[in-house]
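Q: Pasting a predicted model and its sequence here:
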Amino acid sequence: MKTDELKTFFSGRPTAEITKAILGKRLSYQSPQGLLSGIIVEAEAYLGQEDSTAHAFNGRRTPANEALYGEPGTIYIYTLRGQYMFDVAVQEKDNPQGILVRGLEPVDGVTLMAENRHGKTGSDISNGPGKLMQALGIQSKALNLTMVNAGPLSIDLDHGRQPKEIITSARVGVSKRGDWTEAPYRFYVAGNPYVSGMRKRDMDLDSHGWLN
DNA sequence: GCGGAGATGCTCT
DNA sequence: GAGCATCTCCGCC
């Protein structure tokens, strides 16, 4: 069953491992305008109640972050400074860990995505968590609390591209909160232009960092 | 091209 | 009213 596959992928192993495994997977959105999709190239792990930088730190639970407490594969959409962010809840129900998707290499509907980004081009279309949601045209929380692969948003877990190398670093934008601030829970495809903050000279413009 | 300041809107206090 | 898992623009290379 599809639901079982989803739960198997998004639980039963450390969240950092799941986050690395999601790199290279295709995220698709069946939008009112047509199919938009891209390959996930950057993501961060948030480890729930233990993690002082996480929304669910100390068991914090509010209407806004309720999705983190859902079944593995629950979509968590929230806003930050007016930007929409896309997370997937991982680990079993009531264990509020999650993955933030931060970078997407466009595949289907690139022209539409550029329009959604008001004429931005190249890697600027989707090299950040707020930017990729703009590119997909998702500017509401309508899909919050719904499941991946049960509606217009899906992740193909059976196919994907293989990174040559995965780089690990500290998470971006987290305010200083003790030991967790510098914890190595950001993962990205080395050299891929759609990784947030990737400098031009570090980009691999031939393979984009993929083996296949 | 790159880094930093300022704008930004939503959520909980 | 503060805090924030960000974006954009504008200087200065």
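A: Looks like it came in fine.
Q: At the contact with DNA strand B, which residues of chain A appear?
A: A:62-65, A:78-82, A:141, A:199-201 (CB under 7 Å from any atom of the strand). C-beta coordinates here come from the backbone N, C-alpha and C atoms, glycine included.
Q: Quick check: next helix or strand after the helix or strand that contains A:Ile39?
A: According to DSSP states H and E, A:Ile39 maps onto strand A:34-46. Under the assignment DSSP H and E, the closest C-terminal helix or strand after strand A:34-46 is strand A:75-80.
Q: before we move on, the earlier item: farthest pair in the residues of chain A next to DNA strand B?
A: Across the residues of chain A next to DNA strand B, the two members that end up farthest from each other (CB to CB) are A:Pro63 and A:Arg201, 44.1 Å apart.
Q: Compute the distance between the residue positioned nearest the centre of chain A and DNA strand C, please.
A: Central residue of chain A (CA atoms, centre = their mean): A:Val101, 1.3 Å from the mean position. As judged by CB to the nearest atom of the strand, to the nearest Å, A:Val101 and DNA strand C stand 9 Å apart.
Q: before we move on, what about A:Asn144?
A: Relative to DNA strand C, A:Asn144 is positioned 13 Å away (CB to the nearest atom of the strand).
Q: Quick check: the gap between the nearest residue to that residue once chain neighbours are set aside and A:Ser154.
A: Nearest residue to A:Asn144 in three dimensions, chain neighbours excluded: A:Ile77, at 4.2 Å (CB to CB, 6 or more residues apart in numbering). Going from A:Ile77 to A:Ser154 by CB to CB, to the nearest Å gives 15 Å.
Q: With A:Pro184 instead?
A: A:Pro184 sits 29 Å away from A:Ser154, going by CB to CB.
Q: More neighbours: which of those two?
A: A:Ser154 (18 against 11; other CB atoms under 10 Å).
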